[in-house]
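*Asks:* Following is a predicted model, sequence given first.
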Amino acid sequence: MHRPMEGVRVLEVAQFTFVPAAGAVLADWGADIIKIEHAERGDAQRGLIRVLGLDALSGGSSFFPIMEGPNRGKRSVGLALENPAARPVLERLVRESDVFLTNFLPGARARLGIDVEDIRAINPDIVYVRGSGFGQRGDEADKGGYDSTAFWARGGSAAGVTPPSSESMMRMPAGAYGDSIGGMTIAGGIAAALYSRKTTGEPSVVDVSLLGVGAWATQFSVNMALAMGGPLPRPEQPKHGSATNPLIGAYRTADGRWLELAMLQPGRYWPEFCAIAGREDLITDERFDGVENIMKNAAEASEIVAGIIAGRDHAEWVELLKGGDGQWALVQEPWDVAQDPSLRANDLIAPLEDTDGVQREMVANPVQFDETPAELRRAPQFAEHTDEVLRELGWSDDELIQLKIEGAVT
């Protein structure tokens, strides 16, 4: 199997999802990720017991999806960074690593002696990577942020999906939504920095903020606003279709599911859709006979399309629309996504074995090399690999015992 990051060691001093998700992607790509966790509490995310109204752990299982997703494939070391006795361990880990990855705020980094200058004093060649809410400069450099605030709210996505007349703001469609996108972005930045170090000999400091990722995700609208020199108009969208095309937008089927149509050329796809729907009469209807008439009478056509689609269940529509060339999709719930035939055909729902030896499945990161699926390995238990990693770095069993007595490691 091609694992392009084989031989790269990443020292991760981070928690929650945004930055750790980058480590998980790099682990999928073959890197050795050593995750430093607080010697007593571990990653704060281990303490989340309810997510999106659901029990994060249930049925006595040790499988913890909120930890597995951003931490799979890593090795966990419990290290008391605030304890001077732990400093020799940290420094040896830094010397043996290619990348230092963190989401600690500037004050915490300074207090713990893990800022850029501190780490570069130990290993001048290390790639230093910071994930943040709002960037490293400006008045908010010391401000923490989650994807719901920095990515979703500040980055423009929440406003983009919330109708102007709505009495409530639309929420993120999934837990750790912006975090997962941001983690993938960080992984790409790390890969570029390692390539640059190899070709120039110079290590980089890499910065990625949730706010920056959020603005990148909404860049089309942001760029339009910049070009117009002010806020974009926010017209109410039609209930069905678009203002000029009845074959764009979401329509509800007879059994309450949604179909998303994206047939951008109404003149081309209107005859095909009408034939598939068994309404050939609409092809020659003078209201819709040609692209200009379809666009002029789009509102009326959209109501007709809504009635047609509401007359059949989603399964029947899926079979009918498969025979056409127009673009469409069934709106899928998480379980539907997990069973998606194209995801499965491309091994993007991948197996792994959990701590209890139970076979599980998870979403794989979307990047593959040489058409080879990623091999997922479970996330570590808290401080599971402390002894293993320290022995690799040269500590004897007696020295390990002493470090534990001193409270330096777990």
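*Replies:* Thanks, I have the structure now.
*Asks:* C-alpha from now on. contacts and neighbour counts both.
*Replies:* Will do.
*Asks:* who's in contact with His314?
*Replies:* When contacts are counted by C-alpha atoms under 8 Å, 6 or more residues apart in numbering, His314 touches Thr253, Ala254, Asp255, Arg257, Trp258, Leu259, Leu330.
*Asks:* Would you mind writing the ChimeraX command to select the buried ones in those residues?
*Replies:* Those of those that meet the burial criterion (16 or more other C-alpha atoms under 10 Å) are gathered into one ChimeraX selection, given here:
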select :253,254,257,258,259,330
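*Asks:* Secondary structure, pLDDT and distance to Gln368 for the contacts of His314 - can I get that in TSV?
*Replies:* What follows is the contacts of His314, written out as TSV (DSSP: H, G, I helix; E, B strand; the rest coil; pLDDT from 0 to 100; distance: C-alpha to C-alpha, whole Å):
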residue	secondary structure	pLDDT	distance to Gln368
Thr253	coil	98	35
Ala254	coil	98	38
Asp255	coil	98	37
Arg257	coil	97	32
Trp258	strand	97	31
Leu259	strand	97	29
Leu330	strand	97	25
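*Asks:* From the contacts of His314, pick the one nearest Ala86.
*Replies:* Nearest to Ala86, judged by C-alpha to C-alpha, of the contacts of His314 is Leu330 at 53.5 Å.
*Asks:* and the nearest residue to that closest one once chain neighbours are set aside, bridged to which residues?
*Replies:* Nearest non-adjacent residue to Leu330, counting by C-alpha to C-alpha, 6 or more residues apart in numbering: Leu259, 4.7 Å away. For Leu259, the beta-bridge partners are Tyr251, Leu330 (DSSP bridges).
*Asks:* how much space between Leu259 and Phe273?
*Replies:* As for Leu259, its distance to Phe273 is 13 Å (criterion: C-alpha to C-alpha, to the nearest Å).
*Asks:* again, but for Leu352
*Replies:* Taken as C-alpha to C-alpha, the spacing of Leu352 relative to Phe273 amounts to 42 Å.
*Asks:* Could you tell me the per-residue confidence at Leu48?
*Replies:* pLDDT recorded at Leu48 is 79.
*Asks:* go on, Pro84?
*Replies:* 97.
*Asks:* With the one 4 residues further on instead?
*Replies:* As summarised for this prediction, Pro88 has a pLDDT of 98.
*Asks:* what about it, which SS state?
*Replies:* Assigned by DSSP: H, G, I helix; E, B strand; the rest coil, the conformation of Pro88 is helix.
*Asks:* just so I have it, where are all the helices in the stretch 251-400 of the chain?
*Replies:* With helices called from DSSP state H, counting those that start in this stretch, the stretch 251-400 of the chain shows them at 266-276, 281-284, 291-296, 298-309, 314-322, 334-338, 341-345, 386-392, 397-405.
*Asks:* Between those, which one is closest to Ala243.
*Replies:* Between these, helix 298-309 lies closest to Ala243; by C-alpha to C-alpha that is 6.3 Å.
*Asks:* just the CA coordinates of the closest one, formatted as CSV?
*Replies:* Listed in CSV are the C-alpha atoms of helix 298-309, where the atom choice follows Å, rounded to 0.1, in the frame of the first residue of the first chain:
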residue,chain,number,x,y,z
ALA,A,298,-40.5,29.2,-14.4
ALA,A,299,-42.7,29.8,-11.4
GLU,A,300,-45.6,28.1,-13.1
ALA,A,301,-43.4,25.3,-14.3
SER,A,302,-42.0,24.8,-10.9
GLU,A,303,-45.4,24.3,-9.3
ILE,A,304,-46.2,21.7,-12.0
VAL,A,305,-42.8,19.9,-11.4
ALA,A,306,-43.6,19.9,-7.6
GLY,A,307,-46.9,18.2,-8.2
ILE,A,308,-45.3,15.6,-10.5
ILE,A,309,-42.6,14.7,-8.1
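*Asks:* re the thing from before, ok, which of the helices of the stretch 251-400 of the chain comes nearest Pro164?
*Replies:* Comparison of the helices of the stretch 251-400 of the chain against Pro164 by C-alpha to C-alpha identifies helix 298-309 as nearest, at 20.2 Å.
*Asks:* about what we covered before: quick one, which of Leu352 and Phe273 is more surrounded?
*Replies:* Applying other C-alpha atoms under 10 Å to Leu352 and Phe273 shows that Phe273 carries more neighbours, namely 23 against 17.
*Asks:* gap between that one and Glu260?
*Replies:* Relative to Glu260, Phe273 is positioned 14 Å away (C-alpha to C-alpha).
*Asks:* show me what contacts Val205?
*Replies:* Val205 makes contact with Val127, Tyr128, Val129, Arg130 under the criterion C-alpha under 8 Å, 6+ apart.
*Asks:* so which helix or strand takes in the third one?
*Replies:* Spelled out, it's Val129. Applying DSSP states H and E as the criterion places Val129 in strand 127-132.
*Asks:* which strands and helices sit next to that strand?
*Replies:* Using 3 or more C-alpha pairs under 8 Å, 6 or more residues apart in numbering; DSSP states H and E, the elements in contact with strand 127-132 are strand 99-102, helix 177-200, strand 205-209.
*Asks:* got a list of contacts for that strand?
*Replies:* 18-19, 98-105, 116, 144-145, 186, 190, 193-194, 203-210.
*Asks:* Just the buried residues of those.
*Replies:* 18-19, 98-105, 116, 145, 186, 190, 193-194, 203-204, 206-210.
*Asks:* May I see the helices of the stretch 251-400 of the chain arranged in JSON lines, with mean pLDDT and distance to Thr218 as well?
*Replies:* Output for these, formatted as JSON lines (pLDDT from 0 to 100; distance: least, C-alpha to C-alpha, whole Å):
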{"stretch": "helix 266-276", "mean pLDDT": "97", "distance to Thr218": "26"}
{"stretch": "helix 281-284", "mean pLDDT": "97", "distance to Thr218": "37"}
{"stretch": "helix 291-296", "mean pLDDT": "96", "distance to Thr218": "27"}
{"stretch": "helix 298-309", "mean pLDDT": "97", "distance to Thr218": "27"}
{"stretch": "helix 314-322", "mean pLDDT": "97", "distance to Thr218": "30"}
{"stretch": "helix 334-338", "mean pLDDT": "97", "distance to Thr218": "23"}
{"stretch": "helix 341-345", "mean pLDDT": "98", "distance to Thr218": "25"}
{"stretch": "helix 386-392", "mean pLDDT": "98", "distance to Thr218": "42"}
{"stretch": "helix 397-405", "mean pLDDT": "97", "distance to Thr218": "48"}
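*Asks:* can you tell which of those helices is closest to Pro84?
*Replies:* Pro84 lies closest, by C-alpha to C-alpha, to one member of these: helix 397-405, at 10.8 Å.
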